[in-house]
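Engineer: sharing a sequence plus its predicted fold:
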Amino acid sequence: MSSNGNFSYSQSSVSFSSSISRDGKTTGSRYVEHTTSDPMGTTTHIASQRSGEPVYHERRDYDASGRPVASGGRSIGGSNVDTGRRIEDVSDEQRENDKLYEERIEDEYAKREGGA
């Protein structure tokens with residue numbers, strides 16, 4: 001954790017992978033979670049994948065008080081249901097950011113699998 005005056009910043013990561021061989025067939029899964037926090041709140045990225053399946057990616061945002069924040073930047077009400085949610089086109093910039101993130105995750109997996 002680093003500190004700048006009265007502000008505190010932190011980040012953490014956790015990852016694991018597993019595989020099982022049974023009757024000559026190997027199945028596996030991998031998981032990574034990366035969390036960053038600053039005075040404005042916390043963002044957690046979670047990526048997971050099972051053998052032969054696409055990568056699942058989820059992003060969770062929380063405000064400085066720990067309340068979940070909807071994609072529009074609003075805190076979600078007490079029921080934890082965001083009634084203002086809607087489906088929107090993802091911008092090219094966000095797609096590029098997501099692609100870079102997934103590439104970094106894959107590189108991290110490759111490092112850990114090769115170096116572990």
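Structural biologist: Everything's here; your move.
Engineer: what residue ranges in this protein score low on pLDDT?
Structural biologist: 1-7, 71-91, 115-116 (pLDDT under 70).
Engineer: in it, which spans are helices?
Structural biologist: For the chain, the helices defined by DSSP state H occupy 92-115.
Engineer: which residue is nearest the middle of it?
Structural biologist: His45 (1.2 Å; CA atoms, centre = their mean).
Engineer: for Glu108, give me its contacts.
Structural biologist: Ser15, Val32 (CB atoms under 8 Å, 6 or more residues apart in numbering). Any C-beta I mention is one placed from the backbone N, CA and C, and that applies to glycine too.
Engineer: report the separation between it and Gly24.
Structural biologist: Distance, Glu108 to Gly24, using CB to CB, to the nearest Å: 30 Å.
Engineer: before we move on, what about Ile46?
Structural biologist: The gap separating Ile46 from Gly24 is 32 Å, by CB to CB.
Engineer: quick one: which of those two has more around it?
Structural biologist: It is Ile46, of Ile46 and Gly24, that has more neighbours when counted by other CB atoms under 10 Å, with 15 against 5.
Engineer: in space, what's closest to His57 - neighbours in sequence excluded?
Structural biologist: Spatially, and ignoring its direct neighbours in sequence, His57 is nearest to Ala47 (4.9 Å; CB to CB, 6 or more residues apart in numbering).
Engineer: neighbours of the closest residue to Gly28 other than its chain neighbours, how many?
Structural biologist: Using CB to CB, 6+ apart and skipping residues adjacent in sequence, the residue nearest Gly28 is Ser19, 3.4 Å away. Neighbourhood size, Ser19 [other CB under 10 Å]: 10.
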